[in-house]
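K.L.:
Structure here, sequence nowhere to be found:
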């Protein structure tokens, strides 16, 4: 990604834009259903944190045509849930008109090839509560924290496996949410932890909004599509999302979800952990790029 000779190259800084997607409480208008409160707690069926990783040049290739497509159709932004349901700004759109808006956006992402890498980590929170005791869940974090933390570690490992120079790093811009402060705090705790041997891969982390960062709209797309795929799988539907499948052969993919067997595999060390709350880290199995891609597809039942 940065082939300059020794002594004449700059540090490569990748940027990971990410968003979360889940089934919210159908009876309440809460923004994030995993927020602690005294009221009866809605536990989502499926929860995903997903986004795209790329360098500034690739993000530059995406931002202008993406914004132009929004202007062309008179919408402020791409919002996956609204686009899919054809409500909000997209109310009244015929399916064919909706597709004429979305397909060029997918094309913009496909054109970046393997220089644009999707990362998705998901879980079924009801299984999480069933398998892992309350102490273990405090150590790992709520579904959002557990998933975004695993995204960070997965990206750091992938950069190492690709043989990227030691000084190359990645920054995180996460969509604003109820747990943004916790997520930023955890990022820097991992970065400062001498026991995490890949901490040199972490650069900076900050929350942002779709108004200032168009790539967060791209993150919304991959998070929503992965959520829908996992949610369908959870209720016994194996049909994949065409929009997600269209990216498989073009872009890079890595990630997995915490199904019950994986949760049982981390149950004992997690429940015995005596560190700080949210401090437990799951280290992904070392895999090469092709194996990561195949593992991602197999994990989703493809």
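P.N.:
Arrived safely. Keep in mind it's a predicted model, so treat the numbers as computed, not measured. Numbers count the residues shown, from 1 in each chain.

K.L.:
Residue 145 contacts residue 186, correct?
P.N.:
Yes. Assessed by C-beta atoms under 8 Å, residue 145 is found in contact with residue 186 at 6.6 Å. The C-beta positions use only the backbone N, C-alpha and C, and glycine is treated the same way.

K.L.:
Find residues that contact each of those two.
P.N.:
Common neighbours of residue 145 and residue 186, counting by C-beta atoms under 8 Å, 6 or more residues apart in numbering, are residue 278.

K.L.:
So which residues of the protein form helices?
P.N.:
For the chain, helices defined by DSSP state H occupy the ranges 56-73, 80-85, 95-110, 125-131, 134-140, 143-161, 180-191, 215-234, 242-248, 260-272, 289-299.

K.L.:
Please list the residues outside stretch 52-64 that contact it.
P.N.:
Residues outside stretch 52-64 that contact it (C-beta under 8 Å, 6+ apart) are 1, 12-17, 108-109, 111-112, 115-119, 155, 170, 214-215, 218-219, 222.

K.L.:
Now residue 21: closest residue in space that isn't a chain neighbour?
P.N.:
Nearest residue to residue 21, sequence neighbours excluded (C-beta to C-beta, 6 or more residues apart in numbering): residue 227, at 3.7 Å.

K.L.:
Low-confidence stretches in this protein?
P.N.:
1-10, 27-40, 235-240, 284-302 (pLDDT under 70).

K.L.:
Tell me the bridge partners for the spatially most central residue of the chain.
P.N.:
In the chain, the residue lying closest to the centroid (C-alpha atoms, centre = their mean) is residue 50, at 1.5 Å. As for beta bridges, residue 50 partners with residue 19, residue 120 under DSSP bridges.

K.L.:
Adjust the sequence numbering to begin at 860 for everything that follows.
P.N.:
Understood, numbering begins at 860; the last thing we discussed is residue 909.

K.L.:
Quick check: it vs residue 948, distance?
P.N.:
According to C-beta to C-beta, to the nearest Å, residue 909 stands 22 Å off from residue 948.

K.L.:
picking that back up, relative to residue 901, which of the helices of the chain is closest?
P.N.:
Nearest of the helices of the chain to residue 901, taken as C-beta to C-beta: helix 984-990 at 9.8 Å.

K.L.:
how about that closest one: buried residues?
P.N.:
The neighbour-count check on helix 984-990 (16 or more other C-beta atoms under 10 Å) flags 984, 986, 987, 990 as buried.

K.L.:
if we can go back for a sec, am I right that the residue nearest to residue 880 is in contact with residue 883?
P.N.:
No. Under the criterion of C-beta under 8 Å, residue 1086 makes no contact with residue 883, lying 11.3 Å away.

K.L.:
the more surrounded of these two?
P.N.:
Of the pair residue 1086 and residue 883, residue 1086 is the one with more neighbours under other C-beta atoms under 10 Å, namely 27 against 15.

K.L.:
ok, now how distant is the more buried one from residue 1100?
P.N.:
10 Å.

K.L.:
same thing with residue 961?
P.N.:
11 Å.

K.L.:
before we move on, what about residue 1072?
P.N.:
Per C-beta to C-beta, residue 1072 is found 24 Å from residue 1100.

K.L.:
From what I see, residue 938 and residue 947 are in contact.
P.N.:
Yes. Using C-beta under 8 Å, residue 938 is in contact with residue 947, at 6.7 Å.

K.L.:
In terms of neighbours, single out the busier of these two.
P.N.:
Between residue 938 and residue 947, counting by other C-beta under 10 Å, residue 938 is the more crowded of the two (19 against 12).

K.L.:
Contacts only, for the more buried one.
P.N.:
947, 948, 949, 1069, 1076, 1079.

K.L.:
For PyMOL, what selects the buried ones among those?
P.N.:
Per 16+ other C-beta under 10 Å, the buried members of these correspond to this PyMOL selection:
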select buried, resi 948+949+1069+1076+1079
